[in-house]
Every structure is written in C-alpha cells, then in structure tokens.
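1. after the sequence you'll find the predicted model.
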Amino acid sequence: MTDSDSDGVGQPQPQGGEPHLPGFPPHPARDLVLGELHARPFRPLVGPRVFLRYGFTVDEAGVEADRDWFAGYCRSLGLQGPGEAERHHLVEIGDGVLRRERHGEFLTYTWDGPLDVAAPADAPPAGHPFGARFRAPGPMMVAVRCDVVPADGEAFSRRFALFDRTSLCVSQTDGGASVIATDFRQDRDGLTRILVGDRSLSPVQAGAQSQRLLELETYRLFAMLGLAEAQRQMPRVSAIEDALLALAERMRTSDGLEANRALLGELMRLAADLEASAAESAYRFGASRAYYGIVRQRLETFGEDQQDGYFTFTQFLSRRLAPAMRTCETLEERQVKLSEKLARAATLLRTRVDVELQEHNRSQLAAMNRRARLQLRLQQTVEGLSVAAVSYYVVGLIAYLAKGAKTGPLAAMLPSPELMTGLAVPVVLAAVFLTVRRIRRHHSEEDHGEG
C-alpha cells in the first residue's frame with residue numbers, strides 16, 4: 001500500500017501545510033492533560049547559580065488579582081504576561097529567569113540567576129526581582145534559597161559553614177555526582193538555605209536536582225500545615241470525648257421521657273460539633289497526605305548515600321515529618337471513632353426514647369379508652385332518659401287527643417281518656433325505644449364504614 005492509499009492513522013503531524021488527520025472536536029480538558037506533563041520542565045543549569053523561591057497561600061480571587069498584577073509587571077519590562085488559563089509562566093529578566101507557578105492552593109515565584117561566588121556567602125543575590133516592586137499575592141509560606149556551586153571550591157566551604165550543625169543534613173546524590181546540604185532553618189533573611197555541591201553533574205542533572213530540592217522544601221512546609229490544623233482541633237475533639245463520657249454516665253441513670261429527650265438533644269449537638277470539626281479539617285489533612293507523598297517521592301529520586309557524621313535528608317525528615325503526619329492520621333481516626341460512638345449512643349438513646357414514647361402513647365390510649373367507655377355509658381343513660389322524656393311527651397299528646405275525642409260524636413264508643421292514655425304508654429315506650437335503637441345502629445354502621 002502506497003502513502004496515497006493510507007488513511008493517515010498513526011502518521012506524524014507534518015510541521016507545515018495541511019494536516020493529514022481530520023480536525024475532530026477536542027475534549028475541553030485535552031490541552032490541560034497534554035500540557036501538564038510539560039508544565040514544569042527541568043531547565044539545564046550551568047553553575048554557579050542561585051535560586052530564590054517564595055510560596056504564598058492564595059484563594060481564587062487572589063489568583064486572578066495576582067495574574068493581573070504579574071501581567072502588568074511583565075508589560076512594564078516589555079515582556080509578554082500570562083494568559084487567563086495559564087498556570088505556569090516564565091520570563092527572562094536580564095541574566096535571570098522568573099517563573100510563576102499556580103498550584104492547588106498556593107502560588108510560587110521562583111527566580112534563578114548567576115551567583116557571584118566572590119561575594120559574601122550570606123549576601124543577597126544580585127539582580128533578584130523580589131524588591132519593592134514585587135507584590136506578594138497572599139501570606140508567605142515558603143522562602144528558600146538554593147546555591148549551586150562546585151563541591152571542591154572555597155564557595156562551597158564558606159556556605160557550608162553557615163549551617164547549624166545540630167540539624168545539618170548532608171547527602172551524596174546521583175552516585176556521588178553531587179553533595180547536598182541544609183539545616184532546614186531560617187537565615188537572617190528568613191530563607192531556608194540549601195547548598196548543592198556540583199562534582200560531575202550534567203546541566204540537565206543540575207537543573208533537575210535544583211528544582212526537586214525547591215519542591216521538596218515547598219511541599220514539606222505545606223504538608224506541615226496539617227499538624228497546625230491537628231493541634232487546633234485536638235482540644236475540640238477532646239472536649240467532645242469528655243462530654244460524651246459524661247453523657248454516657250447520665251444515660252445509665254436517666255429516667256423519664258423528658259430527661260432522655262434532653263440527653264438526646266445534647267448528644268445531637270455534640271454530633272453536629274464533631275461533624276463540623278471533621279469537615280473543617282478534612283481538606284487540610286487530605287492535602288497534607290498528598291504533599292507528604294510528594295516529599296517522599298522527591299527524596300527517593302535523589303538516590304542519597306550517607307555522608308559520614310551527618311543525617312541524610314530522608315533520615316532527618318522521616319524523624320521529624322513522619323510523626324507530624326501520624327499526628328494528623330491519629331486525629332482523623334479519633335474523629336471517625338468518636339463519630340461512630342456518638343452514632344451508637346444516639347441510636348441507643350433514641351431507642352429508649354421511642355420505647356418510652358410508646359409506653360406513654362399506650363397509657364394515653366388506655367385513658368382514652370376509659371373515657372370513651374364512660375362516655376358510652378353516659379350516652380346510654382342519656383338515651384334511656386331521652387326515651388322516657390320523649391315517651392312522656394308523646395303520651396301527653398295522646399291524652400289530649402283522648403280527652404278531645406270524648407267530647408265528640410264518638411264519645412260513647414270510646415273508653416275513658418285515662419284508660420286510653422294508660423294503654424298508650426307501653427306502646428309509645430316500645431316505639432320510641434325501637435326508633436332510638438335504630439337510629440343509634442345506623443350511626444354505628446356509618447362510623448365502622450368510615451373506619
């Protein structure tokens with residue numbers, strides 16, 4: 001099959017001219033998915049070089065405001081600013097490079113430029129953009145400086161001497177191609193200093209290692225935010241635990257529907273407080289786990305070898321960072337278990353309230369039944385009296401008729417009015433009684449039909 005017969009599937013996109021493949025509508029997230037793999041490329045590095053990185057926590061509105069400011073800053077330098085959806089933007093300023101990166105909940109600005117090894121080791125690097133013109137987008141969380149210098153020179157020795165020996169970490173990486181060092185403490189400028197001694201790193205290796213070290217410090221700090229949240233939530237969780245214990249003791253001796261209802265209300269308030277606490281900390285703990293995973297991944301890529309007399313980065317961070325992460329995990333477990341205990345206590349108390357409510361309803365129904373029976377008896381009594389009363393009036397009417405008949409032409413044929421009245425009494429009583437009974441039965445049938 002010749003090229004003219006091929007449908008073009010699997011063929012590379014030509015650099016010029018018309019594309020061989022049809023222009024199918026792309027998925028809305030296609031550009032993001034394709035570009036994410038190349039979002040933070042390693043820039044080849046030829047030392048000596050210095051990096052400055054600042055990280056700021058920021059909300060969505062702060063991100064938009066910062067992008068507008070940065071776009072204006074770039075225009076003032078005659079450079080192109082970031083686009084609306086651009087998460088990573090890089091501009092060259094003199095001999096240095098400034099990179100703006102948007103992460104999930106923070107922004108980072110990273111500048112790297114040439115390092116004057118003859119300058120004092122603790123002197124600020126020349127040419128950095130973080131001066132009066134720079135506008136911080138939010139509260140600063142990360143401030144780190146990374147110097148890349150030859151490992152066997154005086155510049156390395158002078159910078160190495162600035163570290164605090166009590167927390168100094170030193171490791172050989174990439175099979176001895178470099179040595180890295182830091183004490184994870186702030187210098188007088190508020191920067192965490194990291195030193196890279198280059199023995200035989202290629203430019204790509206040097207750039208990759210420097211960026212990983214900056215990311216290590218960035219994600220280490222944001223991972224530790226989980227510990228701050230755990231310490232903030234601990235008193236609240238402990239108070240709920242104590243309150244649940246006190247409620248459980250009261251549940252053992254509580255009696256009565258109203259008392260148990262009051263306990264159930266208190267229990268519901270505790271459950272609501274706990275759920276609010278868990279909701280507040282869920283994002284922070286989840287983010288800390290993710291950041292901690294990135295830290296561990298970055299440490300693995302270094303391929304550290306022990307330097308005699310010093311902790312490696314992995315050893316030091318495992319000894320300090322891992323307990324903080326376990327504290328977050330422990331508090332999460334306490335929240336989950338406490339929620340289960342509250343749910344069980346609420347179920348038990350609700351069952352008790354339901355049982356007592358049923359007993360109360362049963363007593364109410366029994367009382368209603370007694371009242372209904374009394375009303376029925378009273379009604380029957382009233383009905384008996386009403387039969388007598390109606391019969392009395394009917395008999396009276398008959399007596400008037402009998403007296404009236406005696407004055408007519410048929411008077412001789414009729415018995416006396418007294419006899420006629422006396423004979424009418426049983427007949428009237430029976431008729432009224434049967435009529436009342438029929439009416440009551442009719443009403444009873446109607447009530448059963450409606451029920």
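-> That came through fine. Numbering: from 1, shown residues only.
2. can you point me to the longest helix in this protein?
-> Ranked by number of residues, the top helix in the chain under DSSP state H is helix 313-406.
3. helix or strand right after that helix?
-> The first helix or strand that comes after helix 313-406 along the chain, using DSSP states H and E, is helix 417-450.
4. packing partners of that following helix?
-> Of the remaining helices and strands, those touching helix 417-450 by 3 or more CB pairs under 8 Å, 6 or more residues apart in numbering; DSSP states H and E are helix 313-406. Using the backbone N, CA and C atoms, a C-beta is placed for each residue, glycine as well.
5. so Val91 is in which element?
-> Counting by DSSP H and E, the element that carries Val91 is strand 88-93.
6. report all helices and strands that that strand contacts.
-> strand 96-102.
7. run through the neighbouring helices and strands of the helix or strand just after the strand it packs on.
-> Using DSSP H and E, the next helix or strand after strand 96-102 towards the C-terminus is strand 106-114. Strand 106-114 sits against strand 49-57, strand 96-102, strand 140-150, helix 203-223, with contacts defined as 3+ CB pairs under 8 Å, 6+ apart.
8. strands paired with the third one, and their directions?
-> Read that as strand 140-150. Strand 140-150 sits in its sheet next to strand 49-57 (antiparallel), strand 192-198 (parallel), going by DSSP bridges.
9. could you dump the last one to CSV, C-alpha only?
-> C-alpha atoms of strand 192-198 as CSV (Å, rounded to 0.1, in the frame of the first residue of the first chain):
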residue,chain,number,x,y,z
THR,A,192,15.8,28.2,54.3
ARG,A,193,19.2,27.7,52.6
ILE,A,194,20.0,24.6,50.5
LEU,A,195,23.5,24.0,49.2
VAL,A,196,24.3,21.9,46.1
GLY,A,197,28.0,21.0,45.6
ASP,A,198,28.5,20.0,42.0
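10. average model confidence for it?
-> Confidence for strand 192-198, expressed as mean pLDDT, is 96.
11. also compute the angle for that strand relative to helix 203-223, please.
-> Angle, strand 192-198 to helix 203-223, by axes from the mean of the first three to the mean of the last three CA atoms, to 10 degrees: 160 degrees.
12. follow-up on the earlier one: right, and the helices and strands packed on strand 106-114 - which one's nearest Thr301?
-> Closest to Thr301 of the helices and strands packed on strand 106-114 is helix 203-223 (CB to CB; 6.0 Å).
13. the bottom helix or strand of this protein by mean pLDDT?
-> Lowest on mean pLDDT, DSSP states H and E among the helices and strands of the chain sits helix 30-36, with a mean of 70.
14. any low-confidence regions in the protein?
-> Along the chain, segments meeting pLDDT under 70 span 1-21, 35-41, 380, 383-384, 406, 408-414, 443, 445-451.
15. rewinding a little: mind putting the helices and strands packed on strand 106-114 in JSON lines, distance to Met325 included?
-> Below are the helices and strands packed on strand 106-114 laid out as JSON lines (distance: least, CB to CB, whole Å):
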{"stretch": "strand 49-57", "distance to Met325": "20"}
{"stretch": "strand 96-102", "distance to Met325": "24"}
{"stretch": "strand 140-150", "distance to Met325": "18"}
{"stretch": "helix 203-223", "distance to Met325": "7"}
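16. want to throw the ones you listed into a markdown table with mean neighbour count?
-> Below are those laid out as a markdown table (neighbours: other CB atoms under 10 Å):
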| stretch | mean neighbour count |
| --- | --- |
| strand 49-57 | 22 |
| strand 96-102 | 19 |
| strand 140-150 | 21 |
| helix 203-223 | 21 |
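17. looking at the ones you listed, spot the one closest to Arg159.
-> Nearest to Arg159 among the helices and strands packed on strand 106-114 is strand 140-150; the distance by CB to CB comes to 5.7 Å.
18. now the angle from that closest one to strand 106-114?
-> Between strand 140-150 and strand 106-114, the angle comes out at 20 degrees (the same axes, to 10 degrees).
19. got the contact list for the following helix or strand past strand 140-150?
-> Next along the chain after strand 140-150, taking DSSP H and E as the criterion, comes helix 154-160. If you take CB atoms under 8 Å, 6 or more residues apart in numbering as the criterion, helix 154-160 is touched by 48, 115, 117, 121, 147, 149-150, 181, 193, 195, 197.
20. if we can go back for a sec, C-alpha coordinates for the least confident helix or strand of the chain, CSV please?
-> C-alpha atoms of helix 30-36 as CSV (Å, rounded to 0.1, in the frame of the first residue of the first chain):
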residue,chain,number,x,y,z
ARG,A,30,-7.3,18.0,26.4
ASP,A,31,-4.9,20.9,26.4
LEU,A,32,-4.6,20.7,30.2
VAL,A,33,-3.9,16.9,30.2
LEU,A,34,-1.4,17.2,27.4
GLY,A,35,0.3,20.2,28.9
GLU,A,36,0.6,19.1,32.5
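21. quick revisit: of the contacts of helix 154-160, just the buried ones, ChimeraX syntax please.
-> Selection command for ChimeraX covering only the buried members of the contacts of helix 154-160, criterion 16 or more other CB atoms under 10 Å:
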select :48,115,117,121,147,149,181,193,195,197
